[in-house]
Each structure stands twice: as C-alpha cells, then as structure tokens.
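> Below: sequence and its predicted model.
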Amino acid sequence: MALETCVAFLLADELDSDEYGHVKTTLPLKAWGTRDDEEEDDDGVDEGHSYFSDIVPNLSARDFQKYFHLSPTQVEELVHLMPPREWTSSSLEGCTVRRAVLASLWTLSTLEFHASVAVRFQTSESLLLHQLHEFCALVTGHLADRICWPKWSDAEASVAGFSGAVGLPGTVCVAGYCLVPMERPVDVPEPDAYRVSETTYAVNLMAFCDHQGCFTYVSAEHPGAWHTSRVLQETDVGRALQRDPGTLLCGKHIVGDASFPLSENLLTPFPDHGALGEKKRRYNSKVQAALRVVRGALHGLRWTYPRLKMLQMNSVAQTSLAVHTCCILHNMYLDTNNAASLECMEEEFITQKPFHELPTGHSGSLGGISKRQDIAASLGRKPKKEAKTLVMCVWP
C-alpha cells in the first residue's frame, strides 16, 4: 500500500509539472518524500505526507492564489458558505469543510485523475465527487449575484470601456459561446440532442461579457448541437430582447458574431463576400476586436478551469452547475486581478453557419440594418473640437 501511495503522488506531481504546467507550477516537495517508519492510516494515505496539512499552510498568499486561483480571503468566504455536513464528523475520512473547498477548487483547476486528487487531499474518490457537487450547488446558490447584467453606472462604464478600447459606440456587452463536453446525459428526455459527434456529447455555453471580460450572463444547459440563434431564444437574455429590450439595454446594444440574428439590439458584422467598402471593413474590424473580449474570457475560463474540457458528468443539471460555478469563480478572480492576456486560438471555438444563411434565417431587422449602417458611417468621422477639449479637461 505504501508503494501504491507513492506512485499516486508521483503521478500527481508529473501531471502538474508536465502536462498541466500552465495551471500548476512545481510544488514544494519537502513533504512528499516517503519514510519507512511512518504508519499509514486506514485509507492507505501516509499522514506524514499530507499535501493539505503540510504544504498548503506553508504557501505564501501569492502561491496560494496561483494554485487555487483565489485569494485566501476569498477561499474563506467559500468555506463559510458550506454549513457542516455529515461527512465533516466522519472519523474515517477526517474531512473538514475547508479541505472540501480546496479539493473542489483543485479538481476544477486541473485534469488530474479524481483518484489522484482524492489521495492528495486524503479522502475517497466517491466523497470527493460528492463534495464537488455540493460545492457547485452552494456557490451557484449563494453567489449567483457575482454574475449580473450591467445596469446604471456599470452599464455606462462598460459602454465607455468598449468605446475607448475598441472604438465601437453604444456596446454594453458582447456575446459568445463554446462547447462544454460531457458524458451522455441521463436526466433529459432527448439525450441524443446533446450529441455533437459520434462519440461526444456537449452543452452549449453561451456567455455575455462586459468590457473587462467579466461574465454578465451565462447559460449552460442547452444542447451543443443547437444553432446559436436557437440557444439565444431559450435564454433569459434572448427572451428579454424579444419582450422588453428597453429595460435590458436602455438604448444600448449587444455585439455578437454572424451566427446571431441582426437586430437593433444585437449587432453583427457585415457579411463579407470580398467587396466590402472601407467603412464596412472598419466596422467589422471593430466588431471582431469586441468579440475577442468574450472569446478571451471563455478561453481564460477553460485555461483556469481545464476540468471543463473533460467533465465526467452524465447530468445536464450537474454540468450546468459546474460551468456556472467556474464562471462565478472567474468573476471573483477578476475582482482582485486584471484579466490575463491570453492568446486565443480561433480553432478552439465552434464555427456555426451565419444566421442569414439558415433556411429560416434573414438578413436582419430593418432597425438593425439601419443602425449598423449608421454606426459604420460614423466610425470614420473626426470628433468635434469642442468634444475633444471636454475630454481633455476630464482626463488630463
């Protein structure tokens, strides 16, 4: 049993330092060596070489945040969310709420085998997964307001951010999407609707971001095989755009790619058939720059929480909870850190047919077509001198 434990630890370290070095750097190894005179506990884990009890307490605040992607203060906030559970009094497992939180964060932050994570945190694999589901349910239940649609001053700040950084006026949010793989779902009436290839099932993660890459709305429950336009219709944002866009946007608009339907409230690029004029090309360039914000956020989400690339869950409900949890944690990270500058590979994202090329699609609403033309025409105009003077006075 000592040999098996040693091999498990070596595998865990190899996974961290080699294949997933972008998520975890090499950890201190002073507590990882084996001693023949140590007695093992009933679970086969050497209590003298506990990652949780020997290494974590000695991490600096900087290293702690590097490994768990949250500050110690933020982790304590999560610990307080979890009330005492039956397993906290189990003498066999010896688990605490703090250990469960850190184990859950580690599980989401790596692709390390569940069995290896269980050894690392001195628990069982079954309990590790049970705690992960509880953790996700509590985070999404208690911290749902960490993902909120920008209103009032937040909306104005986002509009100013997109206008200043991208040069696209009136934009309050950008919309994007990606696939989150899962196992064949057993909790939906039509599981094959989630099949995206012969052997792969997935949910569609549709996300909206502000100018800082902070998630303002996410949906992760609809089949990955659905077209973006259909997913949008089934989300709260999509329904609000149909029923009461004024309350949602207050005269502003969202920007999305060509797979979204063009409207006055959701602007998309001009179709490029090789004959676009200068103004339309400039407009498209600025739209793509805005879309890189949400694509970068989604890329950063999966870079920070690579477990989303391989969620071994056969429940749409549990998958959705895990995705929402990672998005909330992403926003919490941005509370105390600037967004990382990550090169986003286009092939990481699914490409869908433009909405206007669908059998039921169209070229856009009259209001959307007109607004897009007006914005494209305005992008090349020079600002008035009075406006420039005012800006210089406000921002010396």
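All right, it came through fine.
> Name the residues of the helix ranked longest in the chain that are buried.
If you go by DSSP state H, the chain has its longest helix at helix 278-304. For helix 278-304, a neighbour-count test (16 or more other Cβ atoms under 10 Å) marks 279-280, 283-284, 286-287, 289-304 as buried. Just so you know, the C-beta spots here come from the backbone N, C-alpha and C atoms, and that holds for glycine as well.
> Ok, stretch 219-234 next?
So stretch 219-234, judged by 16+ other Cβ under 10 Å, has buried residues 219-229, 231-232.
> So what's the residue count around H133?
Residues lying near H133 (other Cβ atoms under 10 Å) number 16.
> before we move on, what SS does it have?
Three-state assignment for H133 (DSSP: H, G, I helix; E, B strand; the rest coil): helix.
> and what of C148?
coil.
> gap between it and D236?
Between C148 and D236 the distance, using Cβ to Cβ, to the nearest Å, works out to 12 Å.
> about what we covered before: dump the buried residues of stretch 219-234 to CSV, plus distance to L249 and pLDDT.
Below are the buried residues of stretch 219-234 laid out as CSV (distance: Cβ to Cβ, whole Å; pLDDT from 0 to 100):
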residue, distance to L249, pLDDT
S219, 18, 98
A220, 23, 98
E221, 24, 97
H222, 22, 98
P223, 27, 98
G224, 28, 95
A225, 29, 94
W226, 24, 96
H227, 23, 97
T228, 19, 96
S229, 18, 97
V231, 19, 98
L232, 15, 98
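> Export those residues to TSV and append columns for distance to A160 and secondary structure.
What follows is those, written out as TSV (distance: Cβ to Cβ, whole Å; DSSP: H, G, I helix; E, B strand; the rest coil):
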residue	distance to A160	secondary structure
S219	27	strand
A220	29	strand
E221	33	strand
H222	32	strand
P223	37	strand
G224	35	coil
A225	38	coil
W226	34	coil
H227	33	coil
T228	28	helix
S229	29	helix
V231	29	helix
L232	26	helix
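> of all those residues, which comes closest to T325?
Lowest distance from T325 to the buried residues of stretch 219-234 (Cβ to Cβ) belongs to A220, with 10.2 Å.
> residues contacting the closest one?
V180, V203, N204, L205, M206, T319, S320, V323, H324 (Cβ atoms under 8 Å, 6 or more residues apart in numbering).
> 6 Å instead?
A220 makes contact with V203, L205, S320, V323, according to Cβ atoms under 6 Å, 6 or more residues apart in numbering.
> can you give me the strands for the stretch 1-150 of the chain?
Using DSSP state E, counting those that start in this stretch, no strands are found in the stretch 1-150 of the chain.
> Low-confidence bits of it, can you list those?
Residue ranges of the stretch 1-150 of the chain with pLDDT under 70: 1-49, 86-95.
> again, only using 90
The model of the stretch 1-150 of the chain has pLDDT under 90 over residues 1-55, 57, 81-97, 122-123.
> Show me the helices in it, by range?
Taking DSSP state H, counting those that start in this stretch to define them, one finds helices in the stretch 1-150 of the chain at 2-14, 61-68, 72-81, 97-109, 114-120, 125-142.
> before we move on, back to that, in strands, which of the contacts of A220 appear?
V203, L205 (DSSP state E).
> what's the most distant pair in the contacts of A220?
Pairwise distances among the contacts of A220 were taken by Cβ to Cβ; the largest, 9.2 Å, belongs to L205 and S320.
> Show me which of those two is the more surrounded one.
Neighbours around L205 and S320, counted as other Cβ under 10 Å, are more numerous at L205. The numbers are 27 against 22.
> Look up the residues forming beta bridges with the more buried one.
Beta bridges link L205 to C178 when assigned by DSSP bridges.
> Can you name the residues that contact it?
Contacts for L205 (Cβ under 6 Å, 6+ apart) come out as C178, V180, A220, V323.
> Could you let me know which of these ends up closest to R98?
Once Cβ to Cβ is applied, the member of the contacts of L205 that ends up nearest R98 is V323, at 24.1 Å.
> Now the closest one. Nearest residue, chain neighbours left out?
Leaving aside its sequence neighbours, V323 sits nearest to A220 (Cβ to Cβ, 6 or more residues apart in numbering; 3.8 Å).
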